[in-house]
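**Q** next one to model:
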Amino acid sequence: MESTGLIEPGPERSSEGLSSKSALPLALASEGERLRIVSLRGGRGFHEKLVSMGLNVGDEIEVIQRRAGGTVLIAKEGIRYGLGGGMAQKILVAII
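**A** Prediction:
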């Protein structure tokens with residue numbers, strides 16, 4: 001079979017040059033913090049869901065509100081997104 005040179009992404013996607021070692025789950029971030037998405041710990045469906053919403057690895061976001069159970073309201077370029085606790089646990093972020 002001929003190789004196309006494309007590499008299939010694995011279950012954890014991360015931005016090159018950004019360390020996921022210093023990252024924390026979005027569910028643990030504080031209100032008002034400005035963050036960068038550094039890695040996604042979900043599978044292909046999870047990654048595709050976030051991309052369809054307009055959220056990608058490398059994006060800068062701000063935590064607007066945190067709720068019990070890890071639910072968060074975030075903003076990116078003036079657009080607000082509500083994420084459940086399960087999704088917020090799978091998104092690794094770094095403080096910028």
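
**Q** so the nearest residue to Ala23 once chain neighbours are set aside, which of the three states?
**A** Counting by C-beta to C-beta, 6 or more residues apart in numbering, Ala23 lies nearest to Leu92, which is 3.9 Å off, once chain neighbours are set aside. Where C-beta positions appear, they are placed from N, C-alpha and C, glycine not excepted. Using DSSP: H, G, I helix; E, B strand; the rest coil, the structure places Leu92 in strand.

**Q** for Leu73, same thing?
**A** Note that with three-state DSSP, the state of Leu73 is strand.

**Q** circling back to that earlier point, let me see the contact set for the residue nearest to Ala23.
**A** Neighbour list for Leu92: Ser14, Ser20, Ala23, Leu24, Pro25, Leu26, Ile37, Val38, Ser39, Leu40, Arg41 [criterion: C-beta atoms under 8 Å, 6 or more residues apart in numbering].

**Q** distance of it from Pro25?
**A** Taking C-beta to C-beta, to the nearest Å as the measure, Leu92 falls 6 Å from Pro25.

**Q** and stretch 85-96, average pLDDT?
**A** Across stretch 85-96, pLDDT averages out at 97.

**Q** end-to-end on it?
**A** Length of stretch 85-96, first residue to last, C-alpha to C-alpha, to the nearest Å: 22 Å.

**Q** quick one: the strands in the protein?
**A** If you assign secondary structure with DSSP state E, the strands in the chain sit at 13-14, 24-25, 34-40, 60-66, 72-76, 79-83, 91-95.

**Q** related to what we said a few turns ago, quickly list what the residue nearest to Ala23 is bridged to.
**A** With DSSP bridges as the criterion, the beta-bridge partners of Leu92 are Pro25, Ser39.

**Q** swap in Ile61?
**A** Beta-bridge partners recorded for Ile61 (DSSP bridges): Leu35.

**Q** that one and Leu40, how far apart?
**A** Taken as C-beta to C-beta, the spacing of Ile61 relative to Leu40 amounts to 13 Å.

**Q** need phi/psi at Leu55.
**A** In terms of degrees, to the nearest 10, the main-chain angles of Leu55 are phi -110, psi 130.

**Q** give me the number of residues near it?
**A** By the criterion of other C-beta atoms under 10 Å, Leu55 has 20 neighbours.
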